[in-house]
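Engineer: Next one to model:
(one chain, ligands or ions: 1)
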Amino acid sequence: MRLGGRLAGAIEVLNDIETRRRPVADALKDWGLSHRFAGSGDRAAIGNIVYDALRMKLSHAFLMDDDSAAALGWAVLLRQWGFSLEALEQELDGDNFAPAPLTDSQRHAFTSRDLADAPLHVQGDIPDWVQPAFETAFGEDWLKEAQALATRPTLDLRVNTLKANREKVLKALDRSGAKASDIARFGMRVPAGEGPSRLPNVTAELSFQKGWFEVQDEGSQIVADLVEPREGEQVLDFCAGGGGKTLAMAAAMNNKGQVHAFDADRKRLAPIIERLKRAGTHNVQVHDNPKSLAALKDRFDQVLVDAPCTGTGTWRRRPDTKWRLTDRNLQERIVQQQEALAEAARFVKPGGSLLYVTCSVLPTENDDQVEQFCRDNPGFEIVPVLDQWTRLFGKEAPTPRSKDGQTVTLSPASMDTDGFFFCRMKRRAE
Ligand SMILES: C[S@@+](CC[C@H](N)C(=O)[O-])C[C@H]1O[C@@H](n2cnc3c(N)ncnc32)[C@H](O)[C@@H]1O
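Structural biologist: Model (predicted):
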């Protein structure tokens with residue numbers, strides 16, 4: 001397919017997402033099934049246009065004075081793929097599969113409008129009601145952070161130190177363009193592609209099948225590392241989900257001690273079994289029933305609550321969720337976070353640690369939650385984390401955002417990772 005056909009395909013998918021409220025992955029899959037002549041390169045290019053459009057939906061619509069799927073698709077090629085208007089019109093001219101040309105009013109808007117005249121939340125491509133929370137979280141940097149959340153993400157990998165080291169994995173993946181990560185000690189990074197380029201399918205590699213590495217955002221690796229589980233400890237991953245952080249912690253403990261992985265939703269937990277097997281972990285017990293944890297109250301050295309959240313920190317990877325988020329969803333998550341923290345805290349032994357993590361950057365899900373928890377539970381206190389940061393990642397590592405040095409917020413503009421929050425609370429020894 002030429003560019004015109006790919007653009008027309010992306011516009012069809014964007015229309016499908018908008019009119020039928022379809023998840024992006026489902027809409028793209030359906031398009032592929034009903035256009036079997038399209039090759040994998042075409043499907044990847046169409047997927048890139050669709051995701052790029054969703055990342056910058058508001059600013060594209062402002063500059064085109066039109067929020068239709070067609071306007072967004074054109075704007076992607078003009079603003080994110082580096083085409084000039086003349087070059088793009090020339091490229092699509094005479095292509096029977098290309099979409100209709102820009103209308104006079106779209107053309108006029110695009111050539112005369114300036115994004116600096118748009119409201120700030122449009123410049124940052126975030127919902128207007130979220131702007132105050134970004135201002136609280138990032139101060140004068142909020143717009144930069146919002147814009148960084150509208151860029152393409154890198155592909156990040158974590159070496160499974162139970163089976164390999166970074167040198168060995170990088171050698172096995174030499175065709176992928178992976179390099180050692182800047183901060184995460186066992187991380188590797190494949191840069192985000194441009195235009196139609198595809199990220200390598202690393203999970204098809206033999207080295208992945210052999211369990212030498214996992215796919216995990218660098219921010220997620222960093223917060224798992226900050227838990228600092230030690231060999232021989234008893235650790236509870238209370239919101240284990242598919243096990244991303246369970247696997248990282250089990251490897252950090254060198255298969256010694258125990259990680260107990262629990263999740264309230266057994267469907268989310270299901271993939272963990274296969275992943276643990278591939279990674280060669282022998283120190284993980286999986287629980288899908290809270291009753292099997294009951295006897296372990298007050299027993300754990302460390303309890304991690306990787307809490308359910310709005311996922312605002314992952315908007316680069318899941319831009320559709322940015323436009324679906326409502327204040328009601330946020331309030332629901334805040335209640336779930338309070339419940340998860342209260343339930344998990346019962347398992348921390350005197351002198352042990354309760355770790356609270358989200359992949360959100362909103363203060364009401366982060367600092368506000370842990371401060372409230374410590375007010376309600378005077379047996380717990382926040383342990384400042386910046387000293388530990390320097391010890392783990394070295395003096396050369398960038399210093400993360402932090403409220404008074406107590407907690408850590410990772411973000412794409414400051415750390416080049418997804419957005420994450422981390423806080424360590426210690427239960428006073430009795
Ligand atoms: C952010 S996800 C976990 C991701 C996972 N730790 C990882 O690294 O791949 C949050 C998880 O918390 C679970 N959850 C929500 N409320 C819970 C509760 N009260 N108790 C236990 N798990 C809960 C959800 O089912 C969801 O799987």
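Engineer: which strands and helices sit next to the helix or strand hosting residue 389?
Structural biologist: Per DSSP states H and E: residue 389 is located in helix 386-393. Applying 3 or more C-beta pairs under 8 Å, 6 or more residues apart in numbering; DSSP states H and E, one finds that helix 386-393 contacts helix 218-227. Where C-beta positions appear, they are placed from N, C-alpha and C, glycine not excepted.
Engineer: Contacts for the helix it packs on, please.
Structural biologist: For helix 218-227, contacts defined as C-beta atoms under 8 Å, 6 or more residues apart in numbering pick out 154, 156, 158, 181, 183-187, 189, 235, 244-245, 248-249, 252, 302, 304, 306, 313, 355, 357, 359, 385, 388-389, 392-393, 408, 410, 415-420, 422, 424.
Engineer: by how many degrees do the longest strand along the chain and helix 218-227 diverge?
Structural biologist: Longest strand of the chain, by residue count under DSSP state E: strand 348-358. Interaxial angle of strand 348-358 relative to helix 218-227 (axes from the mean of the first three to the mean of the last three C-alpha atoms, to 10 degrees): 160 degrees.
Engineer: wait, does the very next helix or strand once past strand 348-358 contact the ligand?
Structural biologist: Counting by DSSP H and E, the next helix or strand C-terminal to strand 348-358 is helix 367-376. No. Judged by C-beta under 6 Å from any ligand atom, helix 367-376 and the ligand are separated, with a smallest distance of 13.4 Å.
Engineer: list the helices and strands the helix or strand harbouring residue 170 packs on?
Structural biologist: Secondary structure assigned from DSSP H and E places residue 170 in helix 166-172. Contacts defined by 3+ C-beta pairs under 8 Å, 6+ apart place helix 166-172 against strand 155-159, strand 179-180, strand 187-190, helix 206-209.
Engineer: any chance of those in a markdown table, with mean neighbour count and distance to the ligand too?
Structural biologist: As requested, these are exported to a markdown table (neighbours: other C-beta atoms under 10 Å; distance: least, C-beta to the nearest ligand atom, whole Å):
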| stretch | mean neighbour count | distance to the ligand |
| --- | --- | --- |
| strand 155-159 | 24 | 11 |
| strand 179-180 | 14 | 22 |
| strand 187-190 | 21 | 15 |
| helix 206-209 | 14 | 17 |
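Engineer: Could you dump these into JSON lines and include mean pLDDT?
Structural biologist: Converted to JSON lines, the helices and strands packed on helix 166-172 look like this (pLDDT from 0 to 100):
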{"stretch": "strand 155-159", "mean pLDDT": "98"}
{"stretch": "strand 179-180", "mean pLDDT": "98"}
{"stretch": "strand 187-190", "mean pLDDT": "98"}
{"stretch": "helix 206-209", "mean pLDDT": "98"}
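Engineer: okay, these in JSON lines with distance to residue 295 next?
Structural biologist: Below are those laid out as JSON lines (distance: least, C-beta to C-beta, whole Å):
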{"stretch": "strand 155-159", "distance to residue 295": "32"}
{"stretch": "strand 179-180", "distance to residue 295": "43"}
{"stretch": "strand 187-190", "distance to residue 295": "37"}
{"stretch": "helix 206-209", "distance to residue 295": "37"}
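Engineer: quick one, which of these is nearest to residue 349?
Structural biologist: Residue 349 lies closest to strand 155-159 among those, at 28.3 Å (C-beta to C-beta).
Engineer: Pull the residues that contact that closest one.
Structural biologist: Against strand 155-159 from outside (C-beta under 8 Å, 6+ apart): 165-166, 169, 173, 178, 181, 184, 186-190, 192, 199-200, 202, 212-218, 221, 248, 417.
Engineer: So what angle separates the directions of that strand and helix 218-227?
Structural biologist: Using the same axes, to 10 degrees, strand 155-159 lies at 30 degrees relative to helix 218-227.
Engineer: Pretty sure residue 285 sits against residue 272.
Structural biologist: No. With contacts counted by C-beta atoms under 8 Å, residue 285 stays clear of residue 272, the gap being 11.0 Å.
Engineer: higher neighbour count, the two?
Structural biologist: residue 272 (23 against 12; other C-beta atoms under 10 Å).
Engineer: Please name the residues that touch the residue nearest the centre of the chain.
Structural biologist: Central residue of the chain (C-alpha atoms, centre = their mean): residue 314, 3.1 Å from the mean position. Residues near residue 314 by C-beta under 8 Å, 6+ apart: 217, 321, 359, 418-419.
Engineer: how about the residues you listed, which pair is most distant?
Structural biologist: 217 and 321 (15.1 Å).
Engineer: With neighbour numbers in mind, choose between those two.
Structural biologist: residue 217 (28 against 17).
Engineer: if we can go back for a sec, the helix holding residue 389: which residues count as buried?
Structural biologist: 388-389, 392-393 (16 or more other C-beta atoms under 10 Å).
Engineer: ok, so of those residues, who is nearest residue 367?
Structural biologist: residue 389 (16.4 Å).
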